[in-house]
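S.K.: model this:
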Amino acid sequence: MKKLIGFSVILLLAGMAFADTPTERMQKAGEVLHQIMATPDKGIPNEVFDKAKCVAVVPHMLKGGFVFGAKHGKGLAICRTPSGWSAPEFFTIGGGSWGAQIGVEGVDLVMMIMNQQGMDQLLKNRFQVGGSASASAGPVGRHASAGVDWKMNSPILTYSRSKGVFAGVDLEGAVIEPDEDAMREVYGHVVPANQVLTGEVKVPASAHNFIAAVSQANMQAKASK
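M.R.: Model (predicted):
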């Protein structure tokens with residue numbers, strides 16, 4: 001019975017999380033970053049943003065359940081290249097957890113890919129968070145604490161926002177894979193992640209506003225260091 005309930009929750013979350021278009025997703029993701037940088041004392045530290053190799057945003061990821069919990073959402077990622085930020089890679093993220101919980105909650109999720117190890121995982125067409133792609137709750141505040149070894153130990157730093165509060169989120173076991181429907185809509189066909197995120201694919205016009213939002217957030221981080 002518990003498994004049946006859990007499966008029903010996953011279907012519910014999937015259906016709700018998938019009700020967007022790539023353009024809407026990019027707009028919402030840009031708004032999430034703008035709002036984060038507007039509250040520097042409660043958001044992503046400047047040092048983290050400035051050092052990140054890639055930035056991934058899942059606006060309004062849904063999580064919840066009844067005993068069996070589930071997470072599901074759709075996001076996009078861009079990475080630094082020698083000529084600037086790459087074109088966006090659209091992906092889905094899903095996973096489950098066991099615990100005492102009830103209800104469904106919308107969460108804005110941001111993942112900062114901090115080193116080559118994390119980027120190598122993101123360049124794959126599908127990977128599971130954990131092991132060599134481990135994710136940790138990122139430090140929160142205007143500046144990263146000197147006592148937090150975020151530079152070396154965590155390929156991926158995660159942040160979530162629920163009801164205006166930013167905090168880390170546990171993504172262990174979550175699976176990230178391409179959103180092929182969104183890729184076809186934006187690029188005309190499915191393009192491998194390693195081509196998109198390394199700068200081999202031209203940035204589509206529809207992505208300029210999102211990339212501008214990331215660039216602005218990055219510049220704010222540099223100016224505040």
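S.K.: Going by neighbour count, which residues in stretch 75-86 are buried?
M.R.: By neighbour count with 16 or more other C-beta atoms under 10 Å, stretch 75-86 contains the buried residues 75, 76, 77, 78, 79, 80, 85, 86. All C-beta atoms are positioned from the backbone trio N, CA, C, and that covers glycine.
S.K.: Pull the contacting residues for residue 79.
M.R.: Applying C-beta atoms under 8 Å, 6 or more residues apart in numbering to residue 79 gives the contacts 53, 54, 55, 85, 86, 113, 119, 122, 197, 198.
S.K.: Next, please give the residue ranges for the strands of the chain.
M.R.: Counting by DSSP state E, the chain has strands at residues 54-81, 84-85, 89-113, 127-128, 135-137, 156-162, 165-167, 175-178.
S.K.: Output the contacting helices and strands for the second one.
M.R.: When contacts are defined as 3 or more C-beta pairs under 8 Å, 6 or more residues apart in numbering; DSSP states H and E, strand 84-85 packs onto helix 208-224.
S.K.: For the helix it packs on, name the packing helices and strands.
M.R.: helix 22-37, helix 46-51, strand 54-81, strand 84-85.
S.K.: Which of these sits closest to residue 208?
M.R.: Among the helices and strands packed on helix 208-224, the nearest to residue 208 by C-beta to C-beta is helix 22-37 (9.3 Å).
S.K.: Report the mean confidence score over the closest one.
M.R.: Average pLDDT, helix 22-37: 89.
S.K.: any weak-confidence spans in the protein?
M.R.: 1-19, 40-42, 62-71, 96-106, 131-133, 141-153, 163-170, 221-225 (pLDDT under 70).
S.K.: do that again at 80, thanks
M.R.: 1-20, 36-43, 46, 60-72, 95-107, 130-154, 160-173, 220-225 (pLDDT under 80).
S.K.: May I have the phi/psi pair for residue 129?
M.R.: Note on residue 129: its backbone torsions stand at phi -70, psi 130 [degrees, to the nearest 10].
S.K.: surely it meets residue 173?
M.R.: Yes. Contact criterion C-beta atoms under 8 Å: residue 129 and residue 173 qualify, at 6.5 Å.
S.K.: the more surrounded of these two?
M.R.: When residue 129 and residue 173 are compared for neighbours, residue 129 comes out ahead with 21 against 13, by other C-beta atoms under 10 Å.
S.K.: any idea how far residue 183 is from the more buried one?
M.R.: 21 Å (C-beta to C-beta, to the nearest Å).
S.K.: and if you look at residue 215?
M.R.: In this view, residue 215 and residue 183 are 23 Å apart by C-beta to C-beta.
S.K.: swap in residue 93?
M.R.: Distance from residue 93 to residue 183, counting by C-beta to C-beta: 15 Å.
S.K.: ok so, going back, mind putting the helices and strands packed on helix 208-224 into a markdown table with distance to residue 220?
M.R.: Shown next, in a markdown table, are the helices and strands packed on helix 208-224 (distance: least, C-beta to C-beta, whole Å):
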| stretch | distance to residue 220 |
| --- | --- |
| helix 22-37 | 5 |
| helix 46-51 | 8 |
| strand 54-81 | 13 |
| strand 84-85 | 15 |
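S.K.: Among residue 215 and residue 183, which residue is more densely surrounded?
M.R.: residue 183 (21 against 13).
S.K.: which residues does that one contact?
M.R.: Residues in contact with residue 183 (C-beta under 8 Å, 6+ apart) are 89, 90, 189, 190, 191.
S.K.: And these, which of them are buried?
M.R.: Judged by 16+ other C-beta under 10 Å, buried ones among these: 89, 90, 191.
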